[in-house]
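Colleague: Curious how this folds, go ahead:
(one chain, ligands or ions: 1)
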Amino acid sequence: MPASPRGIALLGSTGSIGRSTLAVLRRQPEHFRVVALTAGRNREKFEAQVTEWRPSYAALAGLRSDSRWPTGPGVLIEAATHPDADIVVNAVVGAAGLEATLAALRAGKRVALANKETLVMAGDLVAQAACAGGGEIVPIDSEHSAVLQCVTGRDDGLARLILTASGGPFRGWEPERVWHATVEEALQHPTWQMGNKITVDCATLANKALELIEAHYLFGLPYDALDVVVHPQSVVHAFAEFCDGSVLAQLGFPSMELPILYALTHPERLPDSGVRRFDPVAAGPLTFEPVRSDVFRSLEIGIAAGRAGGTAPAVFNAANEVAVSAFLDGGIPFGRISETIELTLEAHEPVPASSVDAVREADRWARAMAQQSVEQSC
Ligand code: NDP
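Modeller: Below is the predicted model:
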């Protein structure tokens, strides 16, 4: 690690990943310093964070105006390109994170990426921005961090990835019961504590589709070489299979703090991560089962969008965001989430995702279409 602390810009500091990132940084003052913080609308939590960390830049992206801090979506780019930031942790939820990721990469920064929606919407543009500016993406998602840890130092021969999925709170439920599941039930994730949107994405398995698309862009494998297996204990985070049939896996008790720390230090490691050390006996039996893609339709719908390419993944993402938000607001039943996404994608004619404007246009179109579908079902 460099002698002087590396500057961190943290976008989405008040969220689940944002707070876990600050917990990681609190233990590593000699290695990192916070230079910029942004949150959405949670002024109270943000104020406490700014008081503790005293960043040179602080802003609230989700507000229109504020007497104390700059506001509006543009602040994400200002924080992401802050001259003192070496690493940008993008922990914003949803499509709002896209432009900040691109700007940080163009400015040559490392982006520790939790905001997977960025890669799903515009994987090729992200790669181009990294190439043009010299920046790099290091994933925070535990499955992708696991893969990165398995392949680092091994340049060739990666043949297949198997990402694990906890199966969510409705694993083993009858399809009819899943269709009518309540918001409260969907937010009871069995192994991870996360923000509401990703928790619902885990219950529908849309999260795994987003992760497969993310893996496709991060590791350059075709969709035929990307699989998912249900693993209720969430101890094995991913398997990486090499061309000779050897398989490596990365394990650990479920905690986002290790993947966050690794995204900051990759390819190096710090000795005192502070995370619970692994104990195979305490982990207990590890089990694996196939995905019920007939019940959790969002997975297959998302994979098909990934295969279609162009603007289809951005449409999948936007329709999912609208449908999840409608579900959380009590506007549609759980089962309507995947239907809304499917109807939106069926109506979409993908075009190349060759510019941010093309992606944003597809995103806008999909939101309007999904909203219409939600309103028709009310
Ligand atoms: P949360 O909902 O807990 O936090 C989201 C953060 O983004 C908050 O700080 C929120 O601000 C901010 N935010 C919300 N909307 C906007 C906006 N329009 N503009 C700018 N900032 C905004 O989400 P998570 O931390 O759970 O997830 C963040 C990302 O990380 C997602 O992409 C998710 O898929 C991914 N991820 C999360 C994991 C987890 O364990 N939570 C695991 C792996 C990936 P405020 O609250 O102040 O309004």
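Colleague: I would like the residues contacting the helix ranked longest in the chain, please.
Modeller: Identified as the longest helix of the chain according to DSSP state H is helix 356-377. Residues outside helix 356-377 that contact it (CB atoms under 8 Å, 6 or more residues apart in numbering): 95, 98-99, 102, 121-122, 125, 311, 314-315, 317-319, 321-323, 326, 331-332, 336, 339-341, 343-344, 347-348, 350-353. Glycine gets a C-beta too; all of them are placed from N, C-alpha and C.
Colleague: Distance from the chain centre to it, please.
Modeller: With CA atoms, centre = their mean, to the nearest Å as the basis, helix 356-377 stands 21 Å off its chain's centre.
Colleague: That helix near the ligand at all?
Modeller: No: under the criterion of CB under 6 Å from any ligand atom, the ligand is not reached by helix 356-377; the shortest gap measures 12.8 Å.
Colleague: Nearest to the ligand: which residue in the stretch 101-250 of the chain?
Modeller: Closest to the ligand within the stretch 101-250 of the chain is G195: 2.6 Å, counting by CB to the nearest ligand atom.
Colleague: Check what pLDDT the closest residue to that residue other than its chain neighbours gets.
Modeller: The shortest distance from G195 to any non-neighbouring residue, by CB to CB, 6 or more residues apart in numbering, is to S16 (4.7 Å). The model reports S16 with a pLDDT of 97.
Colleague: Next: Q28.
Modeller: pLDDT, Q28: 96.
Colleague: so which strand or helix has it?
Modeller: Using DSSP states H and E, Q28 maps to neither a helix nor a strand.
Colleague: thinking it is in contact with P271, fair?
Modeller: No: judged on CB atoms under 8 Å, Q28 makes no contact with P271 at a distance of 10.8 Å.
Colleague: what about those two, which has more around it?
Modeller: Remark: of Q28 and P271, Q28 carries more neighbours, 20 against 4, as counted by other CB atoms under 10 Å.
Colleague: Check the spacing between that one and D155 real quick.
Modeller: In this view, Q28 and D155 are 29 Å apart by CB to CB, to the nearest Å.
Colleague: Could you measure from Q371 over to the ligand?
Modeller: 17 Å (CB to the nearest ligand atom, to the nearest Å).
Colleague: what's around that residue, how many residues?
Modeller: Neighbour count for Q371, taken as other CB under 10 Å: 18.
Colleague: tell me the secondary structure for T340?
Modeller: helix (DSSP: H, G, I helix; E, B strand; the rest coil).
Colleague: where does the closest residue to it other than its chain neighbours land on pLDDT?
Modeller: Among residues not flanking T340 along the chain, A323 sits closest, at 4.0 Å (CB to CB, 6+ apart). If you check A323, the pLDDT there is 98.
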